[in-house]
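Peer 1: got a predicted model here, sequence first, then my questions.
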Amino acid sequence: MDGLTKTSRTTAQVSMLPVYIVSLATFIIFFQGFMVAPLLPMLSKQFTTTVRHVSFIEPAYLLGYGLFTLVYAPLSDRFGRFRIIAFCLFVFSLLTLLTAFVNGINQMIFLRLLTGIGAAGVAPTTISWISDTYPYEKRGHALGIFFGSMAGGTAFGSSAGALITSFVSWRWLFVGVAAIGLVIFMLTLRQKNNFEKREAVAKTKDSILRSFHTILSTERARYTYFYVLVNGMFHSGVFAWLGYFFYKNYGLNERQIGLALLGYGIPGLLFGPLLGRLADRYGRNKIIPIGLFLGAVSVLLLSQNFSLAASCLLVALLSFGFDLSHPLFAAIVTTFSSKKGAATGLFAFFLFSGYGLGSLVLSLIVDIGLDKAFKLFGAGILVAAVFSIAVFRKEK
């Protein structure tokens, strides 16, 4: 009992400021990751190549990011959360700056791959640090801030890529992002003591692969990671084609599409902490099915081609569904093992694998019609929502 009291008192004394700072780091990393999507036609003209060739800058980033989450997060168990976060943030900022000076698309693709590798340690290690610092019943608040920043970075990145480059060169866009990353890096260094006083570095000789095997040997972990993968596929696949959806159905130009997509990140930015508290209070077993259901309904309604205003609202509702599901999966994942870096590394791996597979699968089936493809994705996640009631019934 004394131990629990001491833990609660220590947790209460931990400032939320480091959470906001590392969430800013996650925001700028996801902002950079998705800001290139609307730039493909511009870059194809700049480098006198095809849009298809230029399009590899996106999967190159996601591939590097997804694979190396399996490396950084477990390393943070051994060497400390702060060191991994600071190192990856600095490397991300440096490589983003170098990208502004490339002379060819192949150089850009290669630097995007390296940037994804460099940035891969920030998000999963942050989740591990949050799980070290806050007890399970309070963790939703911090994770709500974190995932709200992630969703906001995704939405504002894709929007700003079109909006900012209508005023300045794409090269200055990369320079600006690099500068912001370095500022956040300096702010992170100033919070070193707040990180390290709560770090739980695992002194273990277990190999990374053995840690992964141990975690995945439990049914609860396998089901949760499966839902992380499926939900990532659903949101990424739909989001990747929303720009074309607005162009095809409403004739919007790039700047207007950027504004229409802003709604995807607004709920997470505004209500992320509140949604996290709701999960802490009412239980993840109740909130997760609601989040999946909202995502399914949003996409099924989008496929009906209602008015432009209605579609913009449905995009915001789709984002709301993400905010009611993925942060909760992350909180559950942090309970799988004392080696939280390995658990969150797997989380990030399945999440980004889902991101890549989702956009690929929808691209492969889009010939049947975008509206029909949206219906298939919506129906699939609706089925997942129904089964999630049983799968997560024991979660608190």
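Peer 2: Nice, thanks for sending it over.
Peer 1: could you pull out the helices for the stretch 151-300 of the chain?
Peer 2: Here the stretch 151-300 of the chain has its helices, by DSSP state H, counting those that start in this stretch, at 170-190, 192-196, 208-216, 219-250, 254-260, 266-282, 284-302.
Peer 1: what about the closest residue to residue 250 other than its chain neighbours, how many residues nearby?
Peer 2: Closest residue to residue 250 apart from its sequence neighbours, by C-beta to C-beta, 6 or more residues apart in numbering: residue 308 at 4.9 Å. To be clear about C-beta, it is placed using only N, CA and C from the backbone, and glycine gets the same treatment. Residue 308 sits with 15 neighbouring residues when counted by other C-beta atoms under 10 Å.
Peer 1: cool, and residue 213?
Peer 2: For residue 213, the number of neighbouring residues by other C-beta under 10 Å comes to 12.
Peer 1: same deal with residue 368?
Peer 2: Residue 368: 11 neighbours (other C-beta under 10 Å).
Peer 1: repeat for the one 3 residues further on
Peer 2: Residues lying near residue 371 (other C-beta under 10 Å) number 14.
Peer 1: pretty sure it sits against residue 300.
Peer 2: No. Assessed by C-beta atoms under 8 Å, residue 371 is found out of contact with residue 300, at 10.2 Å.
Peer 1: tell me the SS of the residue nearest to the spatial centre of the chain?
Peer 2: Central residue of the chain (C-alpha atoms, centre = their mean): residue 150, 4.8 Å from the mean position. Per DSSP: H, G, I helix; E, B strand; the rest coil, the local secondary structure of residue 150 is helix.
Peer 1: ok, residue 361 next?
Peer 2: From three-state DSSP, the assignment for residue 361 is helix.
Peer 1: distance of the nearest residue to residue 96 once chain neighbours are set aside from residue 83?
Peer 2: In space, and not counting its chain neighbours, residue 96 is closest to residue 178: 4.2 Å by C-beta to C-beta, 6+ apart. According to C-beta to C-beta, to the nearest Å, residue 178 stands 21 Å off from residue 83.
Peer 1: one more: residue 110?
Peer 2: 26 Å.
Peer 1: more neighbours, those two?
Peer 2: residue 83 (19 against 15).
Peer 1: so what's that one up against?
Peer 2: The neighbourhood of residue 83, defined by C-beta atoms under 8 Å, 6 or more residues apart in numbering, consists of residue 76.
Peer 1: so which strand or helix has it?
Peer 2: For residue 83, the element it lies in under DSSP states H and E is helix 81-99.
Peer 1: next structured bit after that helix?
Peer 2: helix 105-119.
Peer 1: dump the next helix or strand after that next one to CSV, restricted to CA.
Peer 2: Once the chain leaves helix 105-119, the next helix or strand it forms, by DSSP H and E, is helix 122-133. Once non-C-alpha atoms are left out, helix 122-133 reads as follows in CSV (Å, rounded to 0.1, in the frame of the first residue of the first chain):
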residue,chain,number,x,y,z
VAL,A,122,10.8,9.2,-31.2
ALA,A,123,7.2,8.0,-31.2
PRO,A,124,7.6,4.4,-29.7
THR,A,125,10.1,5.6,-27.2
THR,A,126,7.8,8.4,-26.1
ILE,A,127,5.0,5.9,-25.5
SER,A,128,7.4,3.8,-23.4
TRP,A,129,8.4,6.9,-21.4
ILE,A,130,4.8,7.8,-20.8
SER,A,131,4.1,4.2,-19.5
ASP,A,132,7.1,4.5,-17.2
THR,A,133,5.9,7.8,-15.8
